[in-house]
Structures are given as structure tokens and as C-alpha cells.
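S.K.: Structure here, sequence nowhere to be found:
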Ligand SMILES: CC(C)(COP(=O)(O)OP(=O)(O)OC[C@H]1O[C@@H](n2cnc3c(N)ncnc32)[C@H](O)[C@@H]1O)[C@@H](O)C(=O)NCCC(=O)NCCS
Ligand SMILES: Nc1ncnc2c1ncn2[C@@H]1O[C@H](COP(=O)(O)OP(=O)(O)OP(=O)(O)O)[C@@H](O)[C@H]1O
């Protein structure tokens, strides 16, 4: 099994690239969706976060008021670290569960779209690592347009993450998303080719098919040995 890391900065274009992978039949685990699920009302993550941040972060229906919590954590690094610490175990186990389900279905290549892949040190799980890079002006423009946020809010969110240039220096594959969506599509073709190369032996043994081959080989080996021993005894 090949676990491909897909990361970048906020609004650098990860979801846009994820959608291209999905359109080509490659499954994507989206850490933002997992993070939303583990904050749903009544879950373990919700209880921890409400206990730490107080009921003022709740909407009248008891769900987390995400814009309110966002305002708090993206203007206060200490509170952001606290939120990250509280949610990290739930997010990691949620991601592992999604990977397991896809593994059981027999997928050999799985993309993990994790905005904080390096910050959360999850990069050691993935190979290759794709970083979607964009220049700071375009990133700010896309973020403000998508979230209809002010420049200050957008800059706070951008500054809450490791710099995109540093992320780019840690990448195996860089997708430069400074042009049009058509140009992004062109770049994506090259990346798709790299990501769907034949599996290495290690990746094969980690796939469901590889694990089954090992199991079958062990069973055949045991049956064979029993037959040999059996005939010696006679
Ligand atoms: C603070 C929250 C409630 C704000 O929710 P909101 O709906 O406004 O934003 P959303 O979840 O869609 O995130 C948008 C983007 O913000 C960035 N982001 C989210 N959390 C963080 C964080 N803790 N640090 C830095 N950037 C972050 C990511 O690039 C993400 O793609 C939410 O982002 C959250 O629960 N964050 C903590 C969980 C987390 O670390 N998520 C990232 C998954 S690795
Ligand atoms: N090449 C492009 N040309 C024009 N718009 C783009 C391009 N790439 C991305 N966008 C737009 O920029 C915005 C941010 O892109 P996207 O949502 O894919 O970023 P992201 O990295 O997934 O963000 P987040 O970290 O918040 O999940 C979206 O509105 C998207 O449609």
C-alpha cells in the first residue's frame, strides 16, 4: 500500500488537487473532514474541547460554533496549541480508521490530504509527499475570496502554519499552483504518473493483496511441512 501525503498551505489548492485524484479513481482521506467529525456534538473530541474552551464556543443547538472557535485559536497561539493537543489523538485515529477501511477494500494507493502533515509530524507515515505551493499574494487572494474573510483574518490563518517555502523544501513532489486551473490540471498529469508507478516490494507487502499472499504462503508452508514430517514418521 502506498500512502501519499498531500499538503500545502491554507487555500494553496489541496482540495482542488484532491478532487483531481478522486476523479481518477484514487481515494483521498481528508483530514479536515475527519477533524470536523471528531468535533461533532457528543463525541469524545467535542467533550474535551468544550471542557477546555467553555460553553461560549457552542451554538444554541450544542454544536461547536466553528467561526467563533476559529477566531479564538487563530489569534492566540497558546489556545491553538491547546486545541491541537486535544484533537490530535482523535484526528490520528480517525485517519487510521479511514485508511484501514480503504485497505480492506483493496486500494493500493491512498492519498492523505493533511494540511498540518509536517506540523503534526505525520509526514513519517507517507511517501511520496506532495506539497501544493502557491505564492503568498495568490494564496491570500484565494483565501479571502473563498472564505469571504478580511485580510487580517486571512493573514492570521496563513501565519498559523509552517511557511509554504519550508514545506516545499521538504517535499518529494511540488505542484506549483500559481497559474490557471487548466495549468494545474497539466501539472497534475505529471504527478498522477509518479503516484501510480508500480508499487515497490515493501509497498506491495503492506497492501491487502501482499498481506494475503504472506498468509497463504505461511498456510501452504505449514501444510507442506506437516506432510513431510508426517511421511518421515511413517
Ligand atoms: C478551528 C476550527 C474549528 C475552525 O473551523 P473552520 O470551519 O473555520 O475551518 P476548517 O476546519 O475548514 O479549516 C480550514 C483550514 O484551516 C487550517 N487549519 C485548521 N486548523 C488549523 C490549526 N490548528 N493550525 C493551523 N491551521 C489550521 C487548515 O489549512 C484547514 O484546511 C477548525 O479548523 C479546527 O477544528 N481546527 C483544529 C483541527 C485541525 O488541526 N485541523 C486540521 C486537520 S490536520
Ligand atoms: N489554479 C487556481 N485558479 C483559480 N482558483 C483556484 C486555483 N486553485 C485553487 N483555487 C481556488 O482557491 C480556493 C482555495 O483552494 P482549495 O480549497 O483547493 O485550497 P485548500 O488548500 O484545500 O484549502 P484548505 O487548507 O483551507 O483546505 C478555492 O476557492 C479554489 O477554488
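M.R.: Thanks, I have the structure now. Computed from a predicted structure; not experimentally measured. Ligands and ions are numbered 1, 2, ... in the order given.
S.K.: Give me the buried stretch members for the single longest helix found in the chain, please.
M.R.: Counting residues, the longest helix found in the chain (DSSP state H) is helix 77-104. Within helix 77-104, the residues scored as buried using 16 or more other Cβ atoms under 10 Å are 82-83, 86-88, 90-92, 94-95, 98-99, 102-103. In short, each C-beta sits where N, CA and C put it, glycine included.
S.K.: for stretch 117-130, same thing?
M.R.: 117, 118, 120, 122, 123, 125, 126, 128, 129, 130.
S.K.: Ligand 2 versus the residue nearest to the third one when sequence neighbours are not counted, what's the distance?
M.R.: Here the nearest residue to residue 120 in space, its sequence neighbours aside, is residue 88; by Cβ to Cβ, 6 or more residues apart in numbering that works out to 6.4 Å. According to Cβ to the nearest ligand atom, to the nearest Å, residue 88 stands 17 Å off from ligand 2.
S.K.: Please apply the same query to residue 20.
M.R.: From residue 20 to ligand 2 the distance is 10 Å (Cβ to the nearest ligand atom).
S.K.: Counting neighbours, what do you get for that residue?
M.R.: The local packing of residue 20 (other Cβ atoms under 10 Å) involves 20 other residues.
S.K.: Which strand or helix spans it?
M.R.: Assigned by DSSP states H and E, residue 20 belongs to helix 14-23.
S.K.: quick check: longest strand of this protein.
M.R.: strand 2-8 (DSSP state E).
S.K.: quick one: residue 41 and residue 59 touch, right?
M.R.: No - using Cβ atoms under 8 Å, residue 41 is not in contact with residue 59; the gap is 9.3 Å.
S.K.: State the pLDDT value of residue 169.
M.R.: pLDDT recorded at residue 169 is 98.
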